[in-house]
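*Asks:* I'd like to go over a predicted model; first the sequence, then the structure.
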Amino acid sequence: MPAPGAPTPALLETFPNPHPERDYTIRIRMPEFTCLCPKTGQPDFAVLHLEYVADQRCVELKSLKQYIWAYRDQGAFHEAVTNRILGDLVTACAPRAMRLTAEFNVRGGIYTHVVVEHRAPGWTPPAPLHLP
């Protein structure tokens, strides 16, 4: 059982996609993500970039903000936390496709960028539109 205040998929609320008949990309930038280094307990800071093509549900932004804030006191490796967040978001809204990029700030002279993706079975992205 998660600790009180720990991030859980239950924190993520959704709402009906207003245009489920259309593939369109939703981009969300979260510049204030923090968690704790599981080795030192020191804070890690990152900018999260979420991009997704919704199916029937979209993630509600206030609940996303609260879910992200719940990581502030959680120890997590960069790779693990990025994959966990993507998994929780996929569970909450079952998108056609989703990509989460975590750009962690420098620590000991090293930057970490983690990119994780999900594609619903059978979904193929539309061909890019090229305008004259």
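*Replies:* Yep, it's here. Residues are numbered from 1 along each chain as shown.

*Asks:* my guess is residue 115 contacts residue 100, does it?
*Replies:* Yes: look at residue 115 against residue 100 with CB atoms under 8 Å: they come within range, at 7.4 Å. For glycine as for every other residue, the C-beta is placed from the backbone atoms N, C-alpha and C.

*Asks:* how about the helices in the chain?
*Replies:* All helices of the chain, identified by DSSP state H, fall at 61-69, 78-93.

*Asks:* TSV for the ones you listed, including distance to residue 27 and mean neighbour count?
*Replies:* Output for the helices of the chain, formatted as TSV (distance: least, CB to CB, whole Å; neighbours: other CB atoms under 10 Å):
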stretch	distance to residue 27	mean neighbour count
helix 61-69	12	16
helix 78-93	14	18
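
*Asks:* closest one to residue 45 among these?
*Replies:* For the helices of the chain, the distance to residue 45 is smallest for helix 78-93, at 11.1 Å, taking CB to CB.

*Asks:* How far off centre is the closest one?
*Replies:* Remark: helix 78-93 is offset 6 Å from the chain centroid, using CA atoms, centre = their mean, to the nearest Å.
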